[in-house]
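[1] sequence? don't have it. structure:
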């Protein structure tokens, strides 16, 4: 596969985005952090050719080995504080001089997902996200990623990237993501989407979205964590029974509503359930992380996926009271995995 625009060809369509290389030349000298917005036509897997926008941020010099970082559907392009935006990012604790994700050693790139702005109200596939990322790399002049590090939905997109744009990738690191959604997890998300849709029909978008997020939080965390944090008796408040976790869940829902739209949630939730790859088509060295007790991405499913990869592959299982959100909360253990996954290049840099 060529590194020209042919490398961005959709695996299931003859159409492709206009991917002329080097259309945008990064400023010189290159910035230690930066943001860029890219608008382009992309042949979406389930909706045909559409005009899309991908917003990207990077931390670290663009000349350094590049890592693409991708989280769940609510993650965004701001992974850590930098000279462009000093606020903490969604993976702030995973960054730093002693961490595997060190912006002094790597250029760390991330994006706002296609559809995250609520403007793309149509089916979005994980393959579409991978093709959009490949387009952006072409525009930035980055020929090859040292690694795609994806967690949850980001791991799904990373799998698609490894299959569809293999020559652009040295290795895949996939955390808490299997080759497809389990029937039980899909059913749970379908109920969340019905809650959001019910809110829309009742002119109560915020209420529906908040409740859906609260349900989602139950799937991201574990029963053990809730037992540790909220093991207090229910109480009566203003004539109603109130359980100990309700305030926490309501806070999560309200915070989510302040940042996201119902359309964005619906379309990206759907995208998780649309994800499906053939693991044997992954032909780059890969590292998988599975969390015991994570029923959104069961360890058994991840192990089965890893077993079919057509390249050297490692799968690690951990126990974590944070369940699916271990990649966000169990930072030291995740960092140890990332160090092992990236150790070849890290040792070269140290030498």
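    That came in fine, so what should we check first? Nothing here was measured: the structure is a model prediction, and the numbers come from that model.
[2] hey, where'd the helices end up in this structure?
    126-140, 153-164, 183-201, 205-220, 223-229, 246-257, 262-274, 299-307, 326-329, 331-341, 343-350 (DSSP state H).
[3] low pLDDT regions in the stretch 251-351 of the chain?
    344-351 (pLDDT under 70).
[4] so how far is residue 342 from the closest residue to residue 234 other than its chain neighbours?
    Residue nearest to residue 234 in three dimensions, not counting chain neighbours: residue 243, with 4.8 Å by CB to CB, 6 or more residues apart in numbering. Glycine gets a C-beta too; all of them are placed from N, C-alpha and C. Residue 243 sits 43 Å away from residue 342, going by CB to CB, to the nearest Å.
[5] Tell me which of those two has more neighbours.
    Ranked by neighbour count (other CB atoms under 10 Å), residue 243 and residue 342 place residue 342 first, with 25 against 12.
[6] tell me how far the ends of stretch 89-98 are from each other?
    Start-to-end span of stretch 89-98 (CA to CA, to the nearest Å) is 17 Å.
[7] and that stretch, which residues are buried?
    Of the residues in stretch 89-98, 89-91, 93-95 count as buried by neighbour count, 16 or more other CB atoms under 10 Å.
[8] can you check stretch 99-116 too?
    For stretch 99-116, by 16+ other CB under 10 Å, it's 99-103, 105-116.
[9] Check stretch 336-343 too.
    Within stretch 336-343, the residues that count as buried by 16+ other CB under 10 Å are 337-338, 341-342.
[10] what does stretch 119-137 give?
    Under 16+ other CB under 10 Å, the buried positions of stretch 119-137 are 120, 124-137.
[11] any idea how the protein splits into domains?
    5-180+278-350, 183-272 (automatic domain parsing).
[12] Ranking these by mean neighbour count, which comes first?
    domain 5-180+278-350 (a mean of 20; mean count of other CB atoms under 10 Å).
[13] give the contact list for residue 42.
    By CB atoms under 8 Å, 6 or more residues apart in numbering, the contact set of residue 42 is 17, 49-50, 52, 128, 131-132, 135.
[14] and which of the residues you listed is nearest residue 332?
    Residue 332 has its nearest neighbour among the contacts of residue 42 in residue 132, at 32.4 Å by CB to CB.
[15] For the closest one, list the residues it contacts.
    42, 52, 54, 111, 114.
[16] from those residues, which two are the most distant?
    For the contacts of residue 132, the maximum inter-member distance is 13.2 Å, found between 42 and 111 (CB to CB).
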